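>>> 3D model of this:
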Amino acid sequence: MERIAGIGAPAQRGVHIEARLVSPARPAGHHIDITVSGPGDALQGSGWVTTLSRPGSCGLTPRCLFSQHGSETGGVVRLTGVTLHSSDPRDVGAQVTTEADTSTGALCITAGSLNGVPVHLEGTGTVIAGPTNPELNSADPRRGYS
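I've put the predicted structure just below:
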């Protein structure tokens, strides 16, 4: 495990994933946003999904909020969690798995349920990963993700 120099504490990582993915059931797409942080082998955080009203629109319908935990190894982020809140009660408690590649932006999300139906979304998004040492994340805009 990587350590912060001079401190001995595990180095902290941060990963942010954002994408618009489409599915046969929702050709207008889903907007997905996930943020996790912690040691690279113990990332934790949450994500949310909104559904776009129609192709080309910016109207969003709230869908769900879910937990995420997992790891980043060799530029691949693997996360899993459960739906904590949803606009459809059938979705609460459903498992959500995410796999994202930090170099290509390739993204795959599988949810146990969306409106009571299993869903699998694949595509390309923005995947940003880097150190989150509190000393680096000051108000100085030159610091933060590398």
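
>>> could I get the phi/psi values of residue 12?
Phi and psi for residue 12, reported as degrees, to the nearest 10, are phi -90, psi 140.

>>> surely it meets residue 129?
No: between residue 12 and residue 129 there is no contact under C-beta atoms under 8 Å: 11.6 Å. Where you see a C-beta, it was placed from the backbone N, CA and C, and this is true even at glycine.

>>> for the protein, what are the low-confidence residue spans?
Scanning the chain for pLDDT under 70 picks out 1-10, 23-28, 52-62, 113-117, 133-146.

>>> buried stuff in the helix or strand hosting residue 50?
Assessed by DSSP states H and E, residue 50 sits inside strand 43-52. Using 16 or more other C-beta atoms under 10 Å as the test for burial, strand 43-52 gives 43, 45, 47-52.

>>> so where do the strands sit in this protein?
Ranges of strands in the chain, per DSSP state E, are 13-23, 26-38, 43-52, 60-73, 76-86, 95-101, 106-114, 117-124, 126-131.

>>> what comes up buried for the fourth one?
Of the residues in strand 60-73, those buried by neighbour count under the rule 16+ other C-beta under 10 Å are 63-64, 66-68, 70-72.

>>> now the last one
Residues of strand 126-131 classed as buried by neighbour count (16+ other C-beta under 10 Å): 127, 129, 131.

>>> who does residue 77 bridge with?
Under the criterion DSSP bridges, residue 77 forms beta bridges with residue 72, residue 100.

>>> quick one: contacts for it?
Applying C-beta atoms under 8 Å, 6 or more residues apart in numbering to residue 77 gives the contacts 15, 17, 36, 43, 70-71, 98-102, 127, 129.

>>> swap in 10 Å and give it another go.
For residue 77, the contacting residues are 13, 15, 17, 34, 36, 40, 43, 68, 70-71, 98-102, 107, 127, 129, by C-beta atoms under 10 Å, 6 or more residues apart in numbering.
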